[in-house]
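1. need coordinates for the below:
(chains A and B)
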Amino acid sequence: MELSKEHLIYAGVGLFALLVLINSTKNVALQEVVVPTSKSFEAFDSSSLPSDLQPPKRLPDNSPLPSTLAKRSLNLNMLGVMPRFDK
Amino acid sequence: MIYEITTRYEEFTLLIKVQTSSPQKIRLKVIDADQPNTTFTNRYKTVDGESIFFVRMPLSAQTILVYVYNDANGNLPSGQDNTFDVVSITKEPLDKKLDVIDFSNPLVRSFVNFATRFSYNAGTLPSGDYISDDGKFIIRYSPTITDNGVEQTTPARIDVDSGLIELSKKAFQNYTIPNRMAILLHEFSHVYLNANIDDEVEADLNALLIYLGLGYPRIEAFEVFAQTFIAAPTDQNQVRYDKIKQFIDEFETHNTYLYE
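-> Modelled structure (predicted):
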């Protein structure tokens, strides 16, 4: 039987789907540690983190609030409102 | 038992299969191997037979440590605790629902980025004021939250006038990363998403929509709200808890995102 170009495309797509399925679930080798082997907490340096996990910028102490903060248009009903997580 | 896994900051769902021969309270903790006070989950389940812990991890570290132990016996190396076995640990793709989050809103984009970075690092950050890259949001990370010198029970609050979010470092350091995200998104929702700025339930549900859409674990959201409500057991907080539970159940089963 002669393989047509169409058959090859279907076979390629099928193989790709199979590889995606196989690679989506990975068993992790159970590597038990008694004392963690990675570097100690004292040596931690946040500059090694990827950019989307870097700590946010800290303002100098006693800085005024910046004027760039996002504001919501206020109305009279909001006067004195200060929502807190536990109430 | 402690298992070390290299995760290279990937996102995934971790499946830890545990087996017992009788009901045992099995504790699971997943922490960053390198960064102090950085916990991805800390939960327990009473296991009788075989059971799987599902840990959704939209954030991970370069290396994580997975602690599995019987709460009654404490953390012992394998061979010293025959009350349970860790059968396998598996990584699977993370199920996220980003389409439910309004990322067309630049404030949502900016705050999610800011809150993620703050939550991941809160265990190591010193007290002070932290600002988002675009200067739109600010978090005042104080040792505790006080009013007239009196320590407040709340871990967080927001000033609706300035948008300043105040956080208690004392409370925040002990929270998991998902706990921190849930609280920050709640405060953000009050001012920037709510129709009624003072409505706690609306803020809870607006926050949960983003939180769950990002793929954070359901159990950690329940936990942080429950802890807070236990400390402040008001009628309103009972209503909040019921609404949160219903919302999470419907998000999972029916993909219902609307609320009253």
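2. what's near enough to touch residue 32?
-> The chain I'm using is chain A. Contacts for A:Glu32 (CB atoms under 8 Å, 6 or more residues apart in numbering or on different chains) come out as B:1-3, B:77-78. Glycine gets a C-beta too; all of them are placed from N, C-alpha and C.
3. my bad, the chain I had in mind was chain B
-> With CB under 8 Å, 6+ apart, B:Asp32 has these contacts: B:38-40, B:61, B:63-65.
4. closest to B:Met181 among these?
-> Nearest to B:Met181 among the contacts of B:Asp32, counting by CB to CB, is B:Phe40 at 11.2 Å.
5. so what's the closest one closest to, chain neighbours aside?
-> The shortest distance from B:Phe40 to any non-neighbouring residue, by CB to CB, 6 or more residues apart in numbering or on different chains, is to B:Val30 (4.2 Å).
6. in its sheet, which strands sit next to the helix or strand harbouring the one you found, and in what direction?
-> Element membership for B:Val30 (DSSP states H and E) is strand B:24-32. If you go by DSSP bridges, strand B:24-32 pairs up with strand B:39-47 (antiparallel), strand B:63-70 (antiparallel).
7. out of these, deepest packed?
-> Highest mean neighbour count of the strands paired with strand B:24-32: strand B:63-70, a mean of 21 (counted as mean count of other CB atoms under 10 Å in any protein chain shown).
8. tell me where the stretch 101-250 of chain B has helices.
-> Applying DSSP state H, counting those that start in this stretch to the stretch 101-250 of chain B gives helices spanning B:106-121, B:169-172, B:177-192, B:200-213, B:218-231, B:235-253.
9. of these, give the one that comes closest to B:Asp99.
-> Closest among these, using CB to CB: helix B:200-213, at 7.6 Å.
10. same question for the closest one, mean pLDDT?
-> Averaged over helix B:200-213, pLDDT sits at 92.
11. that helix packs against which elements?
-> Counting contacts by 3 or more CB pairs under 8 Å, 6 or more residues apart in numbering or on different chains; DSSP states H and E, helix B:200-213 is packed against helix B:177-192, helix B:218-231, helix B:235-253.
12. do that again at 10 Å, thanks
-> helix B:106-121, helix B:177-192, helix B:218-231, helix B:235-253 (3 or more CB pairs under 10 Å, 6 or more residues apart in numbering or on different chains; DSSP states H and E).
13. what angle sits between it and helix B:235-253?
-> Angle, helix B:200-213 to helix B:235-253, by axes from the mean of the first three to the mean of the last three CA atoms, to 10 degrees: 30 degrees.
14. in chain B, what secondary structure element scores lowest on mean pLDDT?
-> helix B:218-231 (a mean of 83; mean pLDDT, DSSP states H and E).
15. packing partners for that helix?
-> Taking 3+ CB pairs under 10 Å, 6+ apart as the contact cut, helix B:218-231 packs with strand B:39-47, strand B:50-57, helix B:169-172, helix B:177-192, helix B:200-213, helix B:235-253.
16. roughly how far does A:Ala70 sit from B:Tyr141?
-> Distance, A:Ala70 to B:Tyr141, by CB to CB, to the nearest Å: 19 Å.
17. brain fart, B:Arg43
-> Counting by CB to CB, the gap from B:Arg43 to B:Tyr141 is 26 Å.
18. quick check: beta-bridge partners of B:Asp17?
-> Careful, residue B:17 is Lys; it's not Asp. B:Ile52, B:Ser88.
19. test for you: state the pLDDT assigned to it.
-> 96.
20. contacting residues for it?
-> B:Lys17 makes contact with B:50-53, B:85-90 under the criterion CB atoms under 10 Å, 6 or more residues apart in numbering or on different chains.
21. and if you look at A:Thr68?
-> B:131-132, B:134-138.
22. pLDDT score assigned to it?
-> 93.
23. please report how far it lies from B:Asp99.
-> 30 Å.
24. same check on B:Asn194?
-> For B:Asn194 relative to B:Asp99 (CB to CB), the value is 21 Å.
25. for A:Leu65, same thing?
-> 35 Å.
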